[in-house]
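Peer 1: Fold the following and give me the result.
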Amino acid sequence: MSDPWPDNDDEAGEFDQLTAINPNDVRIAAMNFLARREHSRKELQQKLHKRFKAADLVEEQLDRLAEENLQSDKRYTESFLRQRIGRGHGPLRIRQEMRQKGLSDGDIARAMEAEAPDWFALAEATYQRKFGAQAPEDIKEKARRSRFMQYRGFSHDHYQHLLD
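Peer 2: I've put the predicted structure just below:
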């Protein structure tokens, strides 16, 4: 009886060639992600590393996409900032979320400076939307509202006048 899995199979090398990762496959996957929405380089890198184990190919394709301006951390930063401001988030939370997305502090600072939102007006709008015009009744309610504003990413200076 012959062994169904011979160790010295001459055709075994062909399987490696058939399953080799094609750089084009990595690029197509990256472009599919980017077609849905903007991604930071770090986000795209993580998604591609899950799908393709060849780190050098992933990095090569990410560099190529950045050179062709198909993936841009600057563009992603600006888009992310506008989206979070629209949701009523403050500068502290936005900055922290951007860092978690792998964006550089320089890109974050430039985007914040270019957008230059009025954080006090945004804090007031967020506060009014959540609590209305009614003043807090006691210290416990005041503390609850303060925690909410801190969670949203506003510093005490941004919302302090709203609690009085």
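
Peer 1: Quick one: the helices in this protein, in order.
Peer 2: 12-19, 23-36, 41-51, 55-67, 73-86, 91-100, 105-115, 119-131, 139-151, 156-163 (DSSP state H).

Peer 1: in the fourth one, what's buried?
Peer 2: Using 16 or more other C-beta atoms under 10 Å as the test for burial, helix 55-67 gives Leu57, Val58, Gln61, Leu62, Leu65. Every residue, glycine included, has its C-beta placed from N, CA and C.

Peer 1: Which two among these are spaced furthest apart?
Peer 2: Greatest spacing in those, by C-beta to C-beta: Leu57 and Leu65 (12.5 Å).

Peer 1: what's the closest non-adjacent residue to the residue most central in space within the chain?
Peer 2: The centre of the chain sits closest to Lys101, judged by C-alpha atoms, centre = their mean, with a distance of 3.9 Å. Closest residue to Lys101 apart from its sequence neighbours, by C-beta to C-beta, 6 or more residues apart in numbering: Ser40 at 4.6 Å.

Peer 1: on that earlier part again, return the closest of the buried residues of helix 55-67 with respect to His49.
Peer 2: Checking the buried residues of helix 55-67 one by one against His49 (C-beta to C-beta), the nearest turns out to be Val58, at 6.0 Å.

Peer 1: Show me the domain layout of the protein.
Peer 2: Taking automatic domain parsing as the domain assignment, the ranges for the chain are 19-71, 74-163.

Peer 1: As JSON lines, those domains with mean pLDDT would be great.
Peer 2: As requested, the domains of the chain are exported to JSON lines (pLDDT from 0 to 100):
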{"stretch": "domain 19-71", "mean pLDDT": "90"}
{"stretch": "domain 74-163", "mean pLDDT": "95"}
